[in-house]
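Student: This is the structure alone, sequence omitted:
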């Protein structure tokens, strides 16, 4: 059976951020930690060894594949900072047009530094992603 690599762990978010070698990237990680925490209302949790996630949802695809993932998150990687939003959100592209300097992958948005992006647009993308995932994957325990 498939076992997802990225699971919520008990590792310390602060200890992880303190391990970021580049001082500017470490400072940006703390800025993002505050921003994501304030915007989502969820405490930061480590997901796998390197993703800082906020909230969680349970997904189940038509293929039968299912698992848990953070609603939103980020990771201060060596090269760029990865931002994680809902990949299937049809409104995501509109927000990204206003975000500022970034590149995108399949599920990630990559930035060099927080100063390259519009913080208010980032907050909108976070809220939009959380709303989209809550609507797409409702929590059965809240029904």
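Tutor: Looks like it arrived, so ask away. All of these numbers come straight from a predicted model, not from anything done at the bench.
Student: correct me, but residue 33 touches residue 17?
Tutor: Yes - between residue 33 and residue 17 a contact is recorded at 6.8 Å, counting by C-beta atoms under 8 Å. In short, each C-beta sits where N, CA and C put it, glycine included.
Student: Quick check: neighbours shared by those two?
Tutor: Contact criterion C-beta atoms under 8 Å, 6 or more residues apart in numbering; residues shared by residue 33 and residue 17: residue 52.
Student: what about this structure, any weak spots by pLDDT?
Tutor: 1-5, 140-143 (pLDDT under 70).
Student: all strands of it, in order?
Tutor: Along the chain, the stretches classed as strands by DSSP state E are 44-47, 51-54, 57-60, 66-69, 72-76, 81-84, 103-104, 108-111.
Student: now stretch 110-126, how far from the chain's geometric center?
Tutor: Taking C-alpha atoms, centre = their mean, to the nearest Å, one finds the center of stretch 110-126 at 12 Å from the center of the full chain.
Student: list the contacts for residue 95?
Tutor: Contacts for residue 95 (C-beta under 8 Å, 6+ apart) come out as 121, 124-125, 128.
Student: Filter those down to the buried ones.
Tutor: Buried positions within the contacts of residue 95, assessed by neighbour count (16 or more other C-beta atoms under 10 Å), are 124-125, 128.
Student: Any idea which of the strands of the chain gets closest to residue 26?
Tutor: Across those, residue 26 has its closest neighbour in strand 72-76 (7.1 Å, C-beta to C-beta).
Student: Tell me which strands that closest one pairs with, and in which orientation.
Tutor: Strand 72-76 pairs in its sheet with strand 51-54 (antiparallel), strand 81-84 (antiparallel), by DSSP bridges.
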